[in-house]
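Asker: Take this sequence and fold it.
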Amino acid sequence: LFANENDYKYAGASYFKYDNQGRLIEVQKRFYDGSLVVIKMNNYDGELLQQTCNPVTGQEGVFNCTKYEYNSQKNVIRKYATLTGTADKLLEEDTYTEGLLTESKIFDQKYYLPAYNADPTPYTLRIIYEY
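Answerer: Model (predicted):
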């Protein structure tokens, strides 16, 4: 931490903002040119993270967000992606047995596969956890 921000000579820095309950609510990034921008915002409902959003560069009021859905034991059971003004898209679905994560399904992985994959259906990665 610098006593004077003018002493700052690095290519970048991150600043973390917490609420009075110790929850991370905002991340800002300072770039080499001195500009400071918000790169992440978290919203909570009580102790549970409801969504984390990243502003879209150059588009005021537009955010890429990940939304979280929980079961009654406060375990994340679904994660969704959304872009401001679009419908939520299911990213991941988790299953628990007796409080332990037993299965994860990760959707839309086709976007990370090589271009030669001609399969038009979204690829789903299924992970089984054994204890």
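
Asker: if I look at D19, how far off is T66?
Answerer: According to CB to CB, to the nearest Å, D19 and T66 sit 19 Å apart. Where you see a C-beta, it was placed from the backbone N, CA and C, and this is true even at glycine.

Asker: what about the strands in this protein?
Answerer: Remark: strands assigned in the chain by DSSP state E are 12-18, 24-31, 36-45, 48-55, 63-70, 76-83, 89-97, 100-106, 125-128.

Asker: I'd like the distance from the fifth one to the chain centre, please.
Answerer: Relative to its parent chain, strand 63-70 has a centroid offset of 7 Å by CA atoms, centre = their mean, to the nearest Å.

Asker: got the strands of the chain as a markdown table, with mean neighbour count and mean pLDDT columns?
Answerer: Listed next are the strands of the chain as a markdown table, based on neighbours: other CB atoms under 10 Å; pLDDT from 0 to 100:
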| stretch | mean neighbour count | mean pLDDT |
| --- | --- | --- |
| strand 12-18 | 11 | 92 |
| strand 24-31 | 15 | 93 |
| strand 36-45 | 14 | 94 |
| strand 48-55 | 16 | 95 |
| strand 63-70 | 16 | 94 |
| strand 76-83 | 17 | 92 |
| strand 89-97 | 16 | 93 |
| strand 100-106 | 14 | 94 |
| strand 125-128 | 10 | 90 |
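
Asker: For the spatially closest residue to K40 that is not a sequence neighbour, which residues are in contact?
Answerer: Nearest non-adjacent residue to K40, counting by CB to CB, 6 or more residues apart in numbering: V27, 4.0 Å away. By CB atoms under 8 Å, 6 or more residues apart in numbering, V27 lies in contact with S14, Y15, F16, K17, V38, I39, K40, M41.
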